[in-house]
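Novice: Build me a model from this:
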Amino acid sequence: MLKSVRWAAKALVAGAVFVTASHAAELTIDTAKGPESVPATPARIAVFDIAAIDTLSALGVPIVGIPQPYYVAYLDDVAKSATPIGTLFEPDFEALANLEPDLIVAGGRSSSQVDALARIAPTVDMTIWGDDHISQALSRLDAYGKLMDLEEKAAELKADFEQKLATARAAIEGKGNALIILTNGPKISAYGAGSRFGWIHNELALPEAKEGVDAQTHGEAISFEFIAEVNPDWLIVIDRGAAIGAEGESAAETLDNELVRETQAWKNGHVVFVDAGRIYVAGGGIQAVSGTLDELIAAFGG
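Specialist: Reported below is the predicted structural model:
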């Protein structure tokens, strides 16, 4: 009870700060819900979206609060100077109120908490979702650059990324088709061009080994027989268990069976196990997508 009273008091204080901040300089940025007005160059930002932490840190923006766990080791330096503020699904509202942030960034797994978070400070939903993944990722980069008066730095990151995108397209051209799959222990799902991972097909002009795969959130459940029948030239594999630190058999163990070993992808050494944390947890972060492109360039260009 005492903890709830303390949090309520903090929320009232934060609300007062929110009202004061509303009279400060504001600007409009693009968000997942359309253009929104936010405080310009906020000094204290708390973030509940791993892709947002990724891109903001690439811009050199300090972040005062992030969720735990955050799953990707390349953000360890960010975590060292940030306060834990709950999980992606369950914010610690008291810890967040104590931080007195000028702005809260939510998205993806935390998007359902936007209204509750907005009681503490101005909150924006920066979710990245759908098959136009790359355009959304670059839109978020532009928005953060504008927000923090770092538009020149954002433009540099965008130019480097677009060059890498062109390199990946060149490496992939003429190398055959691919099937994107996600393993979750012994379970396997396939993802097509219209899915959350569909940008690999759409942006890189990588042909689908099987067209018409269901574009639902969790992919289309498939079997080893399905993989054998499709017989892709390449298998691009995302290990969900590895991404979230779950126990159970790895993707490599799951796929090492007689049916998969007979595919062209397996026989030719064309099974690409991409860094699952980058693409599954931090997907849409400029560093995460760049890292995935590096892996695909190395695999297809090697």
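
Novice: going forward, measure contacts between C-alpha atoms and count neighbours the same way
Specialist: Noted.

Novice: which residues touch Asn202?
Specialist: Applying CA atoms under 8 Å, 6 or more residues apart in numbering to Asn202 gives the contacts Asp131, Ala193.

Novice: ugh, wrong one, I meant Ala25
Specialist: Residues in contact with Ala25, defined by CA under 8 Å, 6+ apart, are Pro39, Ala40.

Novice: What ranges in the stretch 1-150 of the chain fall below the confidence cut-off?
Specialist: Of all residues in the stretch 1-150 of the chain, those with pLDDT under 70 make up the ranges 1-24.

Novice: mind listing the strands for it?
Specialist: 26-31, 34-39, 45-47, 65-66, 83-84, 103-106, 123-125 (DSSP state E, counting those that start in this stretch).

Novice: Can you give me the domain boundaries for the protein?
Specialist: Annotated domains of the chain cover 2-152, 171-301 [automatic domain parsing].

Novice: Export those domains as a markdown table, with columns for distance to Phe161.
Specialist: Listed next are the domains of the chain as a markdown table, based on distance: least, CA to CA, whole Å:
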| stretch | distance to Phe161 |
| --- | --- |
| domain 2-152 | 9 |
| domain 171-301 | 7 |
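
Novice: And these: which comes nearest Asp160?
Specialist: Smallest distance to Asp160 across the domains of the chain (CA to CA): 9.2 Å, for domain 171-301.

Novice: what about the closest one, how long is it end to end?
Specialist: Across domain 171-301, the terminal residues are separated by 5 Å (CA to CA, to the nearest Å).

Novice: what's the answer for stretch 264-279, then?
Specialist: OK, stretch 264-279 end separation, CA to CA: 25 Å.

Novice: same check, this time on stretch 226-244
Specialist: From its first residue to its last, stretch 226-244 covers 26 Å (CA to CA).

Novice: how far does that stretch sit from the chain's center?
Specialist: The chain centre lies 19 Å from the centre of stretch 226-244; the measure is CA atoms, centre = their mean, to the nearest Å.

Novice: Name the single longest helix found in the protein.
Specialist: helix 151-172 (DSSP state H).

Novice: Which positions within that helix qualify as buried?
Specialist: 151, 153-154, 157-158, 161, 164-165, 167-172 (16 or more other CA atoms under 10 Å).

Novice: hang on, the earlier thing: quick one, which of the strands of the stretch 1-150 of the chain is nearest to Ala58?
Specialist: strand 45-47 (14.2 Å).

Novice: Could you pull out the buried residues of that closest one?
Specialist: Neighbour counts over strand 45-47 (16+ other CA under 10 Å) mark Ile45, Ala46, Val47 as buried.

Novice: Does Phe273 touch Ile236 like I think?
Specialist: Yes - counting by CA atoms under 8 Å, Phe273 does reach Ile236; the two are 6.2 Å apart.

Novice: And Val298, how far from Thr167?
Specialist: Quick fix: residue 298 reads Ala, not Val. Distance from Ala298 to Thr167, by CA to CA: 10 Å.

Novice: Please read the previous query as pertaining to Glu258.
Specialist: 35 Å.

Novice: same check, this time on Ile45
Specialist: Ile45 is 34 Å from Thr167, where distance means CA to CA.

Novice: Over to Ile188?
Specialist: Distance from Ile188 to Thr167, by CA to CA: 30 Å.

Novice: Count the neighbours of the spatially closest residue to Val213 that is not a sequence neighbour for me.
Specialist: Spatially, and ignoring its direct neighbours in sequence, Val213 is nearest to Gly192 (5.1 Å; CA to CA, 6 or more residues apart in numbering). Neighbour count of Gly192, defined by other CA atoms under 10 Å: 28.

Novice: Contacts only, for Gly192.
Specialist: Leu179, Ile180, Gly198, His201, Glu208, Lys210, Glu211, Gly212, Val213, Asp214, Ala215.

Novice: just Pro67 next, same as before
Specialist: For Pro67, the contacting residues are Val47, Phe48, Pro84, Ile85, Gly86, Thr87, Leu88, Pro91, by CA under 8 Å, 6+ apart.
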